[in-house]
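Participant: Okay, here's the prediction I keep looking at, along with the sequence it came from:
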Amino acid sequence: MLEQRRSTESAFTFVPASPHIGARVMGSSLADVMEAQDQNALADLRDALDTHLILHFSGQTLQPRQIEDLGRHFGPLLSLKRPENKTASHLGDVEFLKIITNALTPDGKPLGDGSNASQDWHTDGAMKPRPATYSYFYARTVPRVPPKTYWMNAYRVYESLPQSVKDKIHDLYVIHHHYTAGNEFPLPPSLPLTEREKGPRHPLVRVHPATGKPILYLPHRRDALVVGYSPEESDELIGYLREFAANSPFWWGTAMQPDDFVIWDNRACLHRRDGWESNEDRIMWHLANEGETPIPLAG
Ligand SMILES: [Fe+2]
């Protein structure tokens, strides 16, 4: 178990949530820290993210603008707007915070993006050349039995691979899908081969710019193509790695309650989510930072 961490100046205490990943954050409220522009506390959050990868806060009272201000501390915000539903899925008075939900408006239109289906392990924004760095969720409404969200420590997954596999994959690139066919169960048919060839090429092993440590950076579907490999060879390797990760013990999950808030490092974590009853609503506010071009282990 990692040691409980508290610096003498910090507004926060970080209590490890599992031996491998995650911390529950105690102490000051995020709203107070934002109000005070407490730079020490914000720096501590960034350090704690490098250590724990996912931070969980309970009982937060946050305004949309405070969440965006917090996100800006970690870098430029990512526009998640979709042209077809940009009004429905966004809060009115801010630009970047987005609604993720299965709920409908009174006239039967989607209130935001999302569904009640369970999701497979994935990272956010892998279809972009510069995938998101940090992701944020603020729980507003949850079902009677809230679904759990799980995060996987992708440093540990990489570290635990057999050396022969590390040697084989250290300089490989994967073509990630350039639009998602979905990672919700039951998994929909994937993209045709001609589309799978068009996506962004990311290193299979990337290096975190702050920690300098290698991360296994997996595509969200096993049929993603490995550069220089046939589709069959790609499927065999990515299928093996996704299964290896899914069977590894380096994860932690929690069922978010109303007013819970989480931040995670989307570079160093995979995440997935359980489903829930379709007649119950779950409403989350979601934010992300623009990312960096993934840094390859083998430069
Ligand atoms: Fe996600």
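Facilitator: Noted; the coordinates are in hand. Worth saying up front: this structure is predicted, and the values here are computed from it rather than measured.

Participant: Can you say which helix or strand has the residue nearest to residue 229 when sequence neighbours are not counted in it?
Facilitator: Excluding its sequence neighbours, the residue lying closest to residue 229 (Cβ to Cβ, 6 or more residues apart in numbering) is residue 237, at 6.8 Å. In short, each C-beta sits where N, CA and C put it, glycine included. Under the criterion of DSSP states H and E, residue 237 resides in helix 231-246.

Participant: elements contacting that helix?
Facilitator: Secondary-structure packing of helix 231-246 (3 or more Cβ pairs under 8 Å, 6 or more residues apart in numbering; DSSP states H and E): strand 119-122, helix 154-159, helix 163-169, strand 225-226.

Participant: re the thing from before, wait, doesn't the residue nearest to residue 229 sit right on residue 228?
Facilitator: No: using Cβ atoms under 8 Å, residue 237 is not in contact with residue 228, being 11.1 Å away.

Participant: Between the two, tell me which one has more neighbours.
Facilitator: A direct count of neighbours by other Cβ atoms under 10 Å for residue 237 and residue 228 places residue 237 higher, at 20 against 9.

Participant: got the contact list for that one?
Facilitator: Residues near residue 237 by Cβ atoms under 8 Å, 6 or more residues apart in numbering: 168, 169, 226, 229.

Participant: How about residue 264?
Facilitator: Residues near residue 264 by Cβ under 8 Å, 6+ apart: 49, 53, 54, 55, 134, 135, 151, 271.

Participant: Counting neighbours, which of these comes out on top?
Facilitator: residue 151 (29 neighbours).

Participant: That one against residue 269, yeah?
Facilitator: Yes: Residue 151 lies in contact with residue 269 (Cβ under 8 Å); the separation is 4.7 Å.

Participant: Find the residues that touch each one of these two.
Facilitator: Contacts common to residue 151 and residue 269, judged by Cβ under 8 Å, 6+ apart, are 21, 53, 54.
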